[in-house]
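Participant: structure for the following, please:
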Amino acid sequence: MNRTVIRNAIVISMDSTIGEHLDADVLIEGSKIAAVKPNLGPVDAREIDARGAIVLPGFVDTHRHTWQCLLRNAAARAPANATIRRHLAQAEQDHPA
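Facilitator: Here you go, the predicted structure:
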């Protein structure tokens with residue numbers, strides 16, 4: 001089975017069982033997310049260092065924008081946007097350009 005582990009990522013999830021982490025690993029087995037947590041430890045998998053990058057486990061962007069013109073800015077103040085802005089601000093402080 002093809003396994004990949006994404007290490008040291010800022011993880012943002014809308015799934016309360018996964019939560020949000022400033023430094024976590026994501027293990028992918030085949031096409032499934034197998035684990036998301038800080039410091040998965042040694043894993044027999046291809047590794048990707050995502051330090052300073054944001055990972056959104058389970059997020060699927062199908063790029064279907066046609067319908068958005070009806071809803072443009074409808075969710076501009078949604079809690080998810082505040083969460084993403086908070087994590088981006090923290091990441092910028094931790095990893096200045």
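Participant: tell me which helix or strand of the chain sits lowest on mean pLDDT?
Facilitator: Least confident helix or strand of the chain, by mean pLDDT, DSSP states H and E, is helix 68-71 with a mean of 60.
Participant: element containing the nearest residue to residue 43 once chain neighbours are set aside?
Facilitator: Excluding its sequence neighbours, the residue lying closest to residue 43 (C-beta to C-beta, 6 or more residues apart in numbering) is residue 5, at 4.7 Å. The C-beta positions use only the backbone N, C-alpha and C, and glycine is treated the same way. Secondary structure from DSSP states H and E places residue 5 in strand 3-11.
Participant: show me what the helix or strand just after that strand pairs with in its sheet, parallel or antiparallel.
Facilitator: Proceeding N to C from strand 3-11, the next assigned helix or strand is strand 21-29, under DSSP H and E. According to DSSP bridges, strand 21-29 forms sheet pairs with strand 3-11 (antiparallel), strand 32-37 (antiparallel).
Participant: now the longest one, how far from the centre of its chain.
Facilitator: Pointing back at strand 3-11 there. With C-alpha atoms, centre = their mean, to the nearest Å as the basis, strand 3-11 stands 9 Å off its chain's centre.
Participant: for that strand, give the mean pLDDT please.
Facilitator: For strand 3-11, mean pLDDT rounds to 96.
Participant: likewise for the shortest one?
Facilitator: Mean pLDDT, strand 32-37: 94.
Participant: which other residues reach whichever helix or strand comes after that strand?
Facilitator: As assigned by DSSP H and E, the chain's next helix or strand after strand 32-37 is strand 46-49. Outside strand 46-49, the residues that touch it by C-beta atoms under 8 Å, 6 or more residues apart in numbering are 2, 3, 4, 5, 6, 7, 8.
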